[in-house]
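got a sequence here, can you build the structure:
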Amino acid sequence: MILEIAILYVKPGQSAQFENDFREAGKYISSAKGYQQHTLQKCIEQADKYVLLVEWEKLEDHTIGFRQSDAYLSWKELLHHYYDPFPVVEHFEAVEL
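Okay, the predicted model is just below:
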């Protein structure tokens, strides 16, 4: 399993609409091959800051499969205009202990 993490800074005053549009956008990401689950968390200390966590089967399910799909274009259209600055997206894998 690969964990995608993105810190999202939403433009001030747009959080409520962002959250509504994010609910709508969920159908696009959840339809992607290799998608497992996602969660959006709102920061308590900083208004308009969120963290997005997405679990994928493989890295390529996100970086190639989803990002090169029509579903991603719909996701992008719904959400990308909210971000300032644009988020850095990183991927992590579990360390066996």
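
next, P87: phi, psi?
phi -70, psi 150 (degrees, to the nearest 10).

same check on the one 5 residues further on?
Here is the backbone geometry of F92 (degrees, to the nearest 10): phi -130, psi 150.

same question for Q14.
Geometry field for Q14 lists phi and psi as phi -110, psi 10, criterion degrees, to the nearest 10.

ok, longest helix in the chain?
Using DSSP state H to assign secondary structure, the helix with the most residues in the chain is helix 15-30.

mean confidence score for that one?
For helix 15-30, mean pLDDT is 98.

now the element after that helix, going C-ward?
Next in sequence after helix 15-30, counting helices and strands by DSSP states H and E, comes strand 35-42.

tell me how far the helix or strand just after that next one is from the chain's mean position?
Sequence order places strand 49-56 as the next helix or strand after strand 35-42, per DSSP H and E. On the basis of Cα atoms, centre = their mean, to the nearest Å, strand 49-56 is displaced by 5 Å from the centre of the chain it belongs to.

same check, this time on stretch 15-26
Average the C-alpha atoms of stretch 15-26, do the same for its chain, and the two points are 11 Å apart (Cα atoms, centre = their mean).

can you check stretch 44-54 too?
Centre to centre, stretch against its chain (Cα atoms, centre = their mean), the figure for stretch 44-54 is 11 Å.
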